[in-house]
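Peer 1: can't give you the sequence, but here's the structure:
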C-alpha cells in the first residue's frame, strides 16, 4: 500500500512539474507558450517582478533554441493556432512591444480574470528565439 502512494505522488509530480515551484524561466516559457521547450534552451533573459501583496507584475523570458528545435516548436505552435506576425499586428499595442523586426508566429491571450492582464508568446524566426511575457494587473 505505501508503494502505491509513493508511485501516485511521483506520477502527480511528473505530470504537473512545470506548474510546481520553483518558478524557473523554462517552466514559465513552457506553461505560457504551451510548447515543449527543450531543457537545454539557453536562457538569454529572465525578469520576474511581482508585488508580494497583490501578485500583480510582469514576467518575461527570452530563450535561444537551435535551428532544429525552432522548427519543431514553430510547427507545433502553428498547429496550436499561433498567428504569423504581420506589419498590422506589429502596430498593435502589445505586439508592438516585441519590436518592429519581429518575424515568426505568436499567440496573444488576454487574462480573463484581470482586465489589463495578458500573456504573449512569440517564436522569432530571425533570431530563433522564444519570447514569453505575462502581465498581471
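Peer 2: Ah, there it is. The structure presented is a predicted model; accordingly, all values stated were derived computationally and were not measured.

Peer 1: for this protein, what spans make up the helices?
Peer 2: Ranges of helices in the chain, per DSSP state H, are 2-15, 25-33, 67-79, 87-91, 93-96.

Peer 1: where does pLDDT dip in this structure?
Peer 2: Applying pLDDT under 70 to the chain flags residues 1, 3-23, 52, 54-55, 87-100, 114.

Peer 1: now do 90
Peer 2: 1-24, 48-59, 84-104, 106, 108-120, 126, 134-137 (pLDDT under 90).

Peer 1: quick check: buried residues in stretch 51-70?
Peer 2: 59, 60, 61, 62, 63, 65, 69, 70 (16 or more other CB atoms under 10 Å). For every residue, glycine as well, the C-beta is placed using N, CA and C.

Peer 1: nearest to residue 130, of those residues?
Peer 2: residue 63 (4.6 Å; CB to CB).

Peer 1: shouldn't that closest one be in contact with residue 39?
Peer 2: No: counting by CB atoms under 8 Å, residue 63 stays clear of residue 39, with 10.9 Å between them.

Peer 1: and for these two, which residues touch both?
Peer 2: residue 26 (CB atoms under 8 Å, 6 or more residues apart in numbering).

Peer 1: ok, back up a step: out of the buried residues of stretch 51-70, list just those in strands.
Peer 2: Taking DSSP state E, the ones among those that sit in strands are 59, 60, 61, 62, 63.

Peer 1: quick one, what contacts the first one?
Peer 2: The reference is to residue 59. Here residue 59 is in contact with 28, 47, 48, 49, 50, 132, 133, 134 (CB under 8 Å, 6+ apart).

Peer 1: any idea what the residue nearest to residue 51 when sequence neighbours are not counted is bridged to?
Peer 2: Once flanking residues are discounted, residue 51 sits nearest to residue 57: 5.7 Å by CB to CB, 6 or more residues apart in numbering. Beta-bridge pairing for residue 57 (DSSP bridges): residue 50, residue 136.
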